[in-house]
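[1] coordinates only, sequence not included:
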């Protein structure tokens, strides 16, 4: 052991602002990886540069953390990098940027036509296996559209990464203003103004699993349908969004064989629900040829009776960027944890970042209506640690609940949990806190606490809570809530994914 | 000073704490004095202070902790007892949120807590070791895992065995350092190898000077001012100024005298404060004060780069020069120094920038928009110096031709200036700045309509089209230097950009205010709201009506349904209940207004009422001739001082009781 007090005299974790400069030649790209929890600062000294389609401002310092990204320059530039050591960095000269920017030009043509005719702009679906650069392409296309003064709707169907929200969600957001360079896409609204970039409102659905193909994709498709409906509603009343169209990002697992046919079924659903007009295939020949077979030249799904009858779907193959890297599970997990942390606490170390103050509170569990997603969360009644005590309480609070008819057969019988639940049931009421809930993420849904299962499933999300502690004996639960005040009286869903994050109770 | 309930004292104290933004010695000593005078409310005050430290945004934690430190050292018990209870939590919480330089200052402070109060005869440390030891332990734990992984230079405290062996000094085991001050000192000087900040020379324990708070409070540990701060006088303003007549400096002069900068900034801040106090409605003065404080913050944060420092210095010098000239009523051109931007990047054909006046740092202190400022101040009493001030401001822009090389604004924008620009302070430059891409080859040679040639097919996508790219990249040459948003170079684009910059400024102002309250994530909207929502472009946002929130409240109230107001920034006003029914107001977040609002509330005079209560009471007046509670309410316009606030509170109490009496129906 060291001398008490001596720690103070430690040589500081030296701020060797090890500053390096990079000169990027025209049409080169600087690729870098920063670990979660490490921070680097990048400054554009001269020239022009962009990060996934969004321009860097000369002289501004940008802080990056937990990201694998690339800064591209069309004309050459010089960058100054300082801060923590990078996991990897190199300069690449071969990039598919010419293809990507051409896609933008093609989309712009379509948007101009759409504007002239009062139709909907292009709806672009991006497909490809994991780590093919789908999200990056989505960002590039969105960034370029912003630069052309468009405001596309970004639909994120990739449940592994959140856009404007935490992972495990499906979101739709109108990007009328710039993306935040440091925070990937940007952040959801806060109680006050937000730095240099206007806030954007996401519409959020909580899927709560990493596998869209789960349950034959039923839950996923249902939420997708609901989201598509909302997007259609938005496009109908927002002319700028209408002519700009959609950019749809998808999970890589849809295209993999593992998902079997369900993945392609979901793609079909996406194409018809969102009336996709262009499919961009990244990094997989097989996928491209499958998509051509199924969709190329097919008429688009028309959701309105007006015009656009003769619109057909185009399927395009795009090169995968050499900069795409495998993101292993450990990284993704840390990344998800960081996204969740940012939801509650913000990240004051980013230049536009703001420190947020979530409220911690302890509430009587009985005052909440918590539903757990069957099959993805542990069953409290079957878990040995929970003990029999819970069953009794279960009974009491279970009975009066206005559950859906098809579940009524679980009520009779002394031990309700022993009766197999009907396959159609998605959620089960949790009536008492138990230890495995600790560190879990709960979603507050925009629906009545006792709403029907399908209603809960299809509801949009109001916000997320984090379980900091449970007190089984007294039936209380400690929650971290983004907003002060009572937990709204809504249905609360515990889905078990994104996985529990430790230590979220401290900032 | 007594007789007041603790709550009120606490509320006052909280208000004053919220005003503590920078490391201001006067404020800190003032807060210490108040704590001393109200020692009977020690518990309430310490509670408030602790809450404040926990809640404050990272940038304000250090000043707040200095208040705690100052109270502990100068007032002592019972504060030390109250603080001691939660010391670990407070300290660690703050420590975890701040960055390197501040952490170092915190550690310095912690060190002094483990020693006797400087200058005191008693050998007991400021805080008992039982309270501080756990912090030290936590710090050790906190630091040990990080550096080991990444850097070899930083020795973890619980170092790997090899390290311990190699450094014999670490082998002394459990002796508390206090019994070996010299040893500790020796180690200190040895291990703390690269001295990070020259401004904080490291002093061994034994030599710790008597408690002193020289310019910024935090550096007290380094500079031996010789007395307790209550004795220190505000710096006499005038004499130094003449020594400071600015000279155009050689561009890349390296060292910047930070101490002097501090002194100068403090001087200017004092003046600005006086001006603010004497002309409370002068938006320009307030903005000036804010920008000074920003500069000071940057300076205090210690991570300003050399270039920043130079810029700050230039700015300050110009400001000082303005001041001198203002004093002499002789506006001269000294205020328009060219900016020292030597190592800046000048785009290849520099001639293009000829027309663009440099954003001379002098314009820093301009209001966003002269016309707006004038409008704001019309009808109000103008300060005697006021006209002069305007003349000053206009001068550098209008009169002085700026050397070509110093132009190149957008490209050379330094973060500090960019920040200030973001705050709108620099946006007054008459010509929008040119982005550098406009200097790229192949500009605008192609009409943008050519985009039609790319079709959405795999083959067409593959053909590179450099001409399209350049026209795409150059179609909007006019770039915002804060966020990078681009605008057309035509009339329309310029107008849009002006609105955009305005938006930046307003957001910045509101952010400062929001910081006080603390921010949190809001709930997401539901489907209906989302479909109906309109993504506000920055230039047309819902915030456009207002620069200042309080005035904004009435504007908004007029525009929208007149039954809600923005929650006032003033903590006292915020905490007062409705004078009629004595119910507190409930804050709600409004998406529309993008701010907290009080529903069913109106503002009359300086005071807020529940709209329904007010309607009832005024109705009563119409009928029964009962006088409204409005009378005399204007007085409440919250002065800044603690005592003043208290008075205001009493005033309203009086009114309240009056209303109560009147509310009894005559029988």
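    Looks like it came in fine. Predicted model only: the values in this text are computed from it and were never measured.

[2] Could you list the domains of chain B?
    B:6-127, B:258-324, B:484-518, B:565-619 (the TED database).

[3] Could you list the contact residues of the stretch 251-400 of chain A toward chain B?
    A:278, A:314, A:316-318, A:343-344, A:346, A:348-349, A:354-359 (CB under 8 Å from any CB of the partner chain). All C-beta atoms are positioned from the backbone trio N, CA, C, and that covers glycine.

[4] Return a PyMOL selection command for the buried portion of those.
    The buried subset of those, as determined by 16 or more other CB atoms under 10 Å in any protein chain shown, is captured in PyMOL by this line:
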select buried, chain A and resi 278+314+316+317+318+343+344+346+348+354+355+356+357+358
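
[5] circling back to that earlier point, mean pLDDT lowest where, among the domains of chain B?
    If these are sorted by mean pLDDT, domain B:258-324 sits at the bottom with a mean of 65.

[6] mean confidence for stretch A:457-464?
    Stretch A:457-464 comes out at a mean pLDDT of 93.

[7] Quick one: end-to-end distance for that stretch.
    15 Å (CA to CA, to the nearest Å).

[8] that older thread, right, so of the domains of chain B, which gets closest to chain A?
    Chain A lies closest to domain B:484-518 among those, at 3.0 Å (CB to the nearest CB).

[9] Is the closest one in proximity to chain A?
    Yes: with CB under 8 Å from any CB as the criterion, chain A is reached by domain B:484-518 at B:484-486, B:503-504, B:507, B:510-511, B:513-515, B:517-518.

[10] could you pull out the strands for the stretch 401-507 of chain A?
    In the stretch 401-507 of chain A, the segments counted as strands under DSSP state E, counting those that start in this stretch are A:427-430, A:441-445, A:461-471, A:476-481, A:491-494.

[11] What residues does the residue in the stretch 151-300 of chain A positioned nearest to chain B make contact with?
    Per CB to the nearest CB, residue A:192 is where the stretch 151-300 of chain A lies closest to chain B, at 3.0 Å. When contacts are counted by CB atoms under 8 Å, 6 or more residues apart in numbering or on different chains, residue A:192 touches A:354, B:510-511, B:513-515, B:517, B:519, B:595.

[12] what's the closest of those residues to residue B:63?
    The closest of those to residue B:63 turns out to be residue B:515 (CB to CB; 13.3 Å).

[13] Pull the contacting residues for the closest one.
    A:192, A:354, B:57, B:60 are the contacts of residue B:515 under CB under 8 Å, 6+ apart.

[14] measure stretch A:340-360 end to end?
    From the first residue to the last, stretch A:340-360 extends over 16 Å; the measure is CA to CA.

[15] what's the burial count for the closest residue to residue B:600 other than its chain neighbours?
    Residue nearest to residue B:600 in three dimensions, not counting chain neighbours: residue B:611, with 4.9 Å by CB to CB, 6 or more residues apart in numbering or on different chains. If you count neighbours by other CB atoms under 10 Å in any protein chain shown, residue B:611 ends up with 22.

[16] Would you mind measuring from residue B:611 to residue B:584?
    15 Å (CB to CB, to the nearest Å).

[17] before we move on, back to that, just the ones of the residues of the stretch 251-400 of chain A next to chain B in strands?
    Among those, DSSP state E puts A:278, A:314, A:316-318, A:359 in strands.

[18] Of those, which one scores lowest on pLDDT?
    Lowest confidence among those: residue A:359, with 88.

[19] Now for it: which residues touch it?
    Applying CB under 8 Å, 6+ apart, the residues contacting residue A:359 are A:480-485, B:520.

[20] Only whichever of these are buried, select them in PyMOL.
    Those of those that count as buried under 16+ other CB under 10 Å are selected in PyMOL with:
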select buried, (chain A and resi 480+481+482+483) or (chain B and resi 520)
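
[21] Show only the entries of the contacts of residue A:359 found in helices.
    Judged by DSSP state H, helices contain none of the contacts of residue A:359.

[22] so where's the stretch 151-300 of chain B shaky on pLDDT?
    Within the stretch 151-300 of chain B, the ranges that satisfy pLDDT under 70 run B:151-261, B:263, B:270-286, B:295-296, B:298-300.

[23] Give me the helix or strand of chain A that scores worst on average pLDDT.
    In chain A, no helix or strand scores lower on mean pLDDT, DSSP states H and E than helix A:389-398, which sits at a mean of 35.

[24] remind me, longest helix of chain B?
    Using DSSP H, we find that the single longest helix of chain B is helix B:491-517.

[25] Following that one in sequence, what is the next regular element?
    Next in sequence after helix B:491-517, counting helices and strands by DSSP states H and E, comes helix B:527-532.

[26] farthest pair in the contacts of residue A:359?
    A:480 and A:485 (13.4 Å).

[27] which residues does the residue sitting nearest the centre point of chain A contact?
    Taking CA atoms, centre = their mean as the criterion, residue A:162 is the residue nearest the geometric centre of chain A, at 1.4 Å. Residues near residue A:162 by CB under 8 Å, 6+ apart: A:156, A:168-169, A:171, A:339.

[28] Residue A:192 falls within a helix, correct?
    No: using DSSP: H, G, I helix; E, B strand; the rest coil, the assignment for residue A:192 is coil, not a helix.

[29] Count the residues that sit near residue A:218.
    Using other CB under 10 Å, residue A:218 has 14 neighbouring residues.

[30] how far away is it from residue B:582?
    Remark: distance between residue A:218 and residue B:582 (CB to CB) = 55 Å.

[31] Get me the contact residues on the stretch 401-507 of chain A for chain B.
    Counting by CB under 8 Å from any CB, the residues of the stretch 401-507 of chain A close to chain B are A:444, A:446, A:460-463, A:482-484, A:488, A:506-507.

[32] Out of these, which end up buried?
    Burial by neighbour count, judged by 16+ other CB under 10 Å, picks out A:444, A:446, A:460-463, A:482-483, A:488 from these.

[33] The stretch 151-300 of chain A: helices as residue ranges?
    According to DSSP state H, counting those that start in this stretch, the stretch 151-300 of chain A carries its helices in the segments A:218-237, A:239-244, A:261-273, A:285-295.

[34] Out of those, which is the most enclosed?
    helix A:239-244 (a mean of 22; mean count of other CB atoms under 10 Å in any protein chain shown).

[35] What mean pLDDT does that helix get?
    92.

[36] Contacts for that helix next, please.
    Contacts of helix A:239-244 (CB under 8 Å, 6+ apart): A:111, A:114-115, A:119-121, A:145, A:150-153, A:174, A:176, A:234-236, B:535.

[37] switch the cut-off to 10 Å
    Helix A:239-244 is contacted from outside by A:107-108, A:110-122, A:142, A:145-146, A:148-153, A:174-176, A:231-232, A:234-236, A:238, B:534-535, B:537, using CB atoms under 10 Å, 6 or more residues apart in numbering or on different chains.

[38] re earlier: tabulate the residues of domain B:484-518 next to chain A (TSV), appending distance to residue B:74.
    Shown next, in TSV, are the residues of domain B:484-518 next to chain A (distance: CB to CB, whole Å):
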residue	distance to residue B:74
B:484	49
B:485	50
B:486	55
B:503	45
B:504	42
B:507	40
B:510	36
B:511	34
B:513	31
B:514	33
B:515	28
B:517	30
B:518	29
